[in-house]
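Engineer: 3D model of this:
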Amino acid sequence: MSSARRSSNPLARWAIDVQLKPMRDIKPPIRPDRGWIRAIREAIGMTTGQFASRLGVSQPRVAALERAEANEVVTLKSLRQAAEALDCDFVYAIVPRKPLEDVVKDRARYVAQLQLERTSHTMHLENQGVSKQRMERAREALAGELLRSDRRLWADL
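Structural biologist: Got it, this is the predicted structure:
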């Protein structure tokens, strides 16, 4: 991995975090059982025929669209078009539960801990155990190394 690629990751994580921070604290609303399209269409008093006309499709296609959303098999394109026809904005995001920098650092510590536990087990068998404090320092050092070569962070363990 090139150094330019590595050095851009923290900046990319920061940029995404800045964009998504306002959304992190918003709990996603629970999707209505029959989907947002139908719920909003019905709430504003729009018939399936009127909605079909606005979308430029047939009434059966509207029923199929609403079923597809309720069954979570609708496309993003269809949702965007439906939102437009309902005079709504379509908002799509995958919002990390915590800052991405924390996600990466937590993963590095986890991977380091697993690697050190394997080594620690062998050392205990050879009666060469180390203190918890020393293991913690080793974990942080190894996590730092993993952060510098992030390819290994997400490898199967």
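Engineer: show me what counts as buried in stretch 86-104.
Structural biologist: Leu86, Pro96, Pro99, Leu100, Val104 (16 or more other C-beta atoms under 10 Å). C-beta here means a position set from N, CA and C on the backbone, and glycine is covered the same way.
Engineer: and for stretch 29-37?
Structural biologist: Gly35, Trp36, Ile37.
Engineer: among the residues you listed, which lie within strands?
Structural biologist: Counting by DSSP state E, none of the members of the buried residues of stretch 29-37 fall within strands.
Engineer: so which of those belong to helices?
Structural biologist: The helices, defined by DSSP state H, take in Trp36, Ile37 from those.
Engineer: mind giving me JSON lines with the buried residues of stretch 29-37 and columns for distance to Met46 and pLDDT?
Structural biologist: Below are those laid out as JSON lines (distance: C-beta to C-beta, whole Å; pLDDT from 0 to 100):
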{"residue": "Gly35", "distance to Met46": "14", "pLDDT": "96"}
{"residue": "Trp36", "distance to Met46": "13", "pLDDT": "96"}
{"residue": "Ile37", "distance to Met46": "10", "pLDDT": "98"}
